[in-house]
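# below are the sequence and a predicted model; questions follow.
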Amino acid sequence: MNFEQTVHYIENSMRFGCRPGLERTAKLLELLGDPHKKIKCVHVAGTNGKGSTTAIISNILKHGGYRVGTYTSPHLYKITERMVINGVQISEAHFVKYANLVIDKMKVMEEQNMEVPTQFEMLTAMAFLYFQEMKVDAAVIEVGLGGLYDATNVIDAILSVITSISYDHMDILGETIELIAAEKAGIIKRDATVVLYPQLYKEVDGVVEQVSKDMNAKLIKVSTEQVKPINFDITGQSFDYSYGDVELKALIVPLLGDHQIINSTVAVTAAIELSKLGYDIKEEHIREGLADVEWPCRLSVVNKEPLIIIDGAHNKDGVDALKAAIYKYLSHKKLILVLGMLGDKNYGYAVKELAPLAKQIITTEPISPRALKAEQMAEMARKHNKYVEAEADIIEAIKKAKKSADKDSVILICGSLYLAGSAYEYLTK
């Protein structure tokens, strides 16, 4: 199979979705020679911010001179985004090679009447095999969903990181914040170290503290009191950060939003802890790793005239962070909102919070069978804003927004990572 055929097979012939349990992944990796046991891993879980935090940790390590694998999900518009070494996506040729190696072992499992791994489990095995054969010095692994029973949790991570935890995927992870937190805390390893983001819900702290105690793990709780914001504009922000006897002044990160300062401090704390585990990470590596980190579709500026920003917020905390960023960065602008969401997300909350802030709203649809219809979202938005129209096609919606924009406008495209990915590809390619 060539690259296109391989991707088509993965996307159309393999079982999609979440099936909790590590047995399938563990067996598949065993057949591949257990590559995950031959690499040192940092494991990152959370509801929001885990991708940004993963990207920053990886970038700091890269600036330290290390060969760093990074595994994230979902991808925005190309599946190779999920497996990266030092900022470079896996090549199409390598993707085909490792996909075929994994698929061959999956066929062995099927022949032996074993349960066949899901699409995500297959991609996870691919990433571990790729990173091991490329001889990475470290791999930073983002959890797909939850933590405890996520396919990535087959690793024995040298360091665990837990970002902001809130309500999402409740049909799988549980209806209460305590149950969700317990799933995320499932990545904590015995006698290892875990770095925890300052949580909105204090029940999360109690759960993580108990799991850390049970696992004899060293728990490091980052506090907002350790952070002092300095300046911000549409290109990024600066802040001071202190951790123990480490004082870091005027750190600069190009990611927008107050939450990204905290994500940055969590990543910096993780990097300092990695230095205690033998990685030679100096202050300049931290500064450089923050200063040129890239994490698309998270309050990303993709065009200056007119100003166009893309954000993938799709749950309550993400919407709250986006609303705060609108007030912080865009209060002087006329907001044109291009909004599309999946039907199984909390779209009612997003519309209620964001629609009143806009001068004009164009509702649209992510490319997904789970997409909420544009007209259905428009009907809801009209309860909060008079200037609403529906355009199902995302490209046409963006064109309409650009036609309406003037020098005082900002176009904000948001509501779903699926939507954000399509918009990002269109506007940057």
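Everything's here; your move. Residues are numbered from 1 along each chain as shown.

# Ala181 - that's part of a strand, no?
No - according to DSSP: H, G, I helix; E, B strand; the rest coil, Ala181 belongs to no strand; its state is helix.

# Met106 and Glu288, how far apart?
To Glu288, Met106 is 40 Å away according to C-beta to C-beta, to the nearest Å. Using the backbone N, CA and C atoms, a C-beta is placed for each residue, glycine as well.

# pick out whichever of these two has more residues nearby.
The neighbour comparison of Met106 against Glu288 (other C-beta atoms under 10 Å) goes to Met106, with 20 against 16.

# hmm, the more buried one is touching Leu28, no?
Yes - taking contact to mean C-beta atoms under 8 Å, the distance of 6.5 Å between Met106 and Leu28 places them in contact.

# flag the shaky bits of this structure, pLDDT-wise.
Counting by pLDDT under 70, the low-confidence segments of the chain come to 15-18, 170.

# nearest the geometric middle of it, what residue?
When C-alpha atoms, centre = their mean is applied to the chain, the residue found nearest the centroid is Gly51 (2.8 Å).

# right, and the secondary structure at Ile230 would be what?
Here Ile230 takes the strand state, with states given by three-state DSSP.

# work out for me the element the nearest residue to it once chain neighbours are set aside sits within.
Of all residues beyond its chain neighbours, the one nearest Ile230 is Ser238 (4.4 Å), with distances taken as C-beta to C-beta, 6 or more residues apart in numbering. Counting by DSSP states H and E, the secondary-structure element that holds Ser238 is strand 236-243.

# quick one: the helices in the stretch 1-150 of the chain?
Ranges of helices in the stretch 1-150 of the chain, per DSSP state H, counting those that start in this stretch, are 3-13, 23-31, 50-63, 92-111, 119-133.

# from Leu196, how far off is the residue lying closest to Lys333 once chain neighbours are set aside?
In this structure, Lys333 finds its nearest non-sequential neighbour in Val410, 4.1 Å apart by C-beta to C-beta, 6+ apart. Computed as C-beta to C-beta, the Val410 to Leu196 distance reads 34 Å.

# again with Ala355
Computed with C-beta to C-beta, the distance linking Ala355 and Leu196 is 34 Å.

# next: Pro117.
Computed as C-beta to C-beta, the Pro117 to Leu196 distance reads 31 Å.

# surely Leu290 is in contact with Ile60?
Yes - if you go by C-beta under 8 Å, Leu290 and Ile60 touch, sitting 7.3 Å apart.

# neighbours of Glu111, how many?
By other C-beta under 10 Å, the residues close to Glu111 number 8.

# so what's it up against?
Counting by C-beta atoms under 8 Å, 6 or more residues apart in numbering, Glu111 touches no other residue.

# what of Glu305?
The neighbourhood of Glu305, defined by C-beta under 8 Å, 6+ apart, consists of Lys407.

# which non-adjacent residue is nearest Ala355?
With C-beta to C-beta, 6+ apart as the measure, His384 is the residue that lies nearest to Ala355, at 3.8 Å, once sequence neighbours are left out.

# could you measure from the one you found over to Asp320?
16 Å.

# shared neighbours, Leu290 and Ile60?
Common neighbours of Leu290 and Ile60 (C-beta under 8 Å, 6+ apart) are Ala267, Val268.

# pretty sure Glu247 sits in a helix.
No - Glu247 is assigned strand when assessed by three-state DSSP, not a helix.

# which residues touch it?
Asp240.

# now with 10 Å, please.
Glu247 makes contact with Asp240, Tyr241, Glu283 under the criterion C-beta atoms under 10 Å, 6 or more residues apart in numbering.

# and what of Ile103?
Listed by C-beta under 10 Å, 6+ apart, the contact partners of Ile103 are Met1, Thr6, Tyr9, Ile10, Ser13, Met14, Met122, Met126.

# now do the same contact list for the residue nearest to the last one when sequence neighbours are not counted.
Counting by C-beta to C-beta, 6+ apart, Met126 lies nearest to Tyr98, which is 4.6 Å off, once chain neighbours are set aside. Under the criterion of C-beta under 10 Å, 6+ apart, the neighbours of Tyr98 are Thr6, Leu32, Met83, Ile90, Leu123, Ala125, Met126, Ala127, Phe128, Leu129, Tyr130, Glu133.
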